[in-house]
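Enquirer: model this:
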Amino acid sequence: MNSQDVKNAISGVLVVDKPVGMTSHDVVQAIRNGTGIRRAGHTGTLDPRASGVLVVLIGPAVRLSEFVSASDKRYQSIIRMGSSTDTFDADGKFTSEDTPVTVTEEEFEKVLKNFEGEIEQTPPQYSAVKVKGRKAYEMARKGEQVELEPRIIQVHHLEVLEWAPPEVVVDVHCSSGTYVRSLANDLGETLGTGAYLVGLRRTKSGRFTLRDAVPLRKLQEAFQSGDWYQYLIPAAEALGDWEARELDPDEVEDVRHGHRVKADPDTKLDSWVRGVSTQGELVALLLCMEGEEEGSREWQPKKVFF
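Expert: Model prediction:
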């Protein structure tokens, strides 16, 4: 097996602490350059102004993207009241300024609680959401009116971490697809003061936290020294919160060829598990379906990695 074949066989997760100033794509490109592996992708964009947890899948593990991308996210956000911008963050032009902030912490927390749960949120005009095949921010920069449809998001928890008006630090635990910038803007409108996002740090993405993340600078040093593999997390851990179904060697062969394997009769239909080998390697993602015999259940391979 030549060196390129070895690289093509590498599969796993690199959890990066993205610095401010880089796009998520910049980080992926740095990983491609450093590893020599072209197949790489992140699982949820972080704006250039934002820092923190960026999960990058490499090799065959990129096929987990749709599942990992859908995971919940957690952020530490700095919101400034008293002004609003057209981008809902500090990069934009002011649409309102110098509104007096007389809101108390108790009043702020009361309004904050209204944004918990299942809510409707309209993405910012300056976002990568596509409208008829074009990115909204490209249209907005050209002065075109962008009409974005509201979407349903889930905000699990909001908590004030630091109260220092006009700025407040808020912990945001939310579903994938939530725009914290929009949350800041909507908060400002409800409070009557205006508000925009001045700082954002992602502290958790799915099961990965800042504890799992390696600063990009440190990772790039490891690329130079050739020992970056120490930071590679096995693909099976990317969905570590999923139940695992251990497959014996015969079942591994069956699954590799797309054949079903038995499930317990009381297994819930349409449930998912990770199919792992006895060595703990990710073999496939399995979906529970009805078996041929009445009342039986079987695991159908949906994505095979082994």
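Enquirer: where does pLDDT dip in the chain?
Expert: Within the chain, the ranges that satisfy pLDDT under 70 run 1-8, 306.
Enquirer: 90 - rerun?
Expert: Within the chain, the stretches with pLDDT under 90 are 1-11, 44-45, 47, 67-71, 123-149, 235-241, 280-281, 291-295, 305-306.
Enquirer: now the helices for it?
Expert: Here the chain has its helices, by DSSP state H, at 3-9, 24-35, 65-69, 105-113, 136-141, 180-191, 216-225, 249-256.
Enquirer: Arg80 is nearest to which of those helices?
Expert: Arg80 lies closest to helix 180-191 among the helices of the chain, at 8.3 Å (C-beta to C-beta). Where C-beta positions appear, they are placed from N, C-alpha and C, glycine not excepted.
Enquirer: quick one: contacts of the closest one?
Expert: 47, 75, 77, 79, 81, 84, 87-89, 103, 107-108, 111-112, 114-115, 121-124, 155, 172, 174, 194-197, 200 (C-beta atoms under 8 Å, 6 or more residues apart in numbering).
Enquirer: just want to check the distance between Gly41 and Ile58.
Expert: Using C-beta to C-beta, to the nearest Å, one gets 8 Å for the distance from Gly41 to Ile58.
Enquirer: who's more crowded, the two?
Expert: The neighbour count for Gly41 versus Ile58, taken as other C-beta atoms under 10 Å, is higher for Ile58 (23 against 20).
Enquirer: so what's the spatially most central residue of the chain closest to, chain neighbours aside?
Expert: Central residue of the chain (C-alpha atoms, centre = their mean): Gly44, 3.8 Å from the mean position. Excluding the flanking residues, the one nearest Gly44 by C-beta to C-beta, 6 or more residues apart in numbering is Ser69, at 5.5 Å.
Enquirer: my guess is that neighbour contacts Leu54, does it?
Expert: No. At 11.8 Å, Ser69 does not count as touching Leu54 under the criterion of C-beta atoms under 8 Å.
Enquirer: pick out whichever of those two has more residues nearby.
Expert: Taking neighbours as other C-beta under 10 Å, Ser69 and Leu54 compare with Leu54 leading, 26 against 18.
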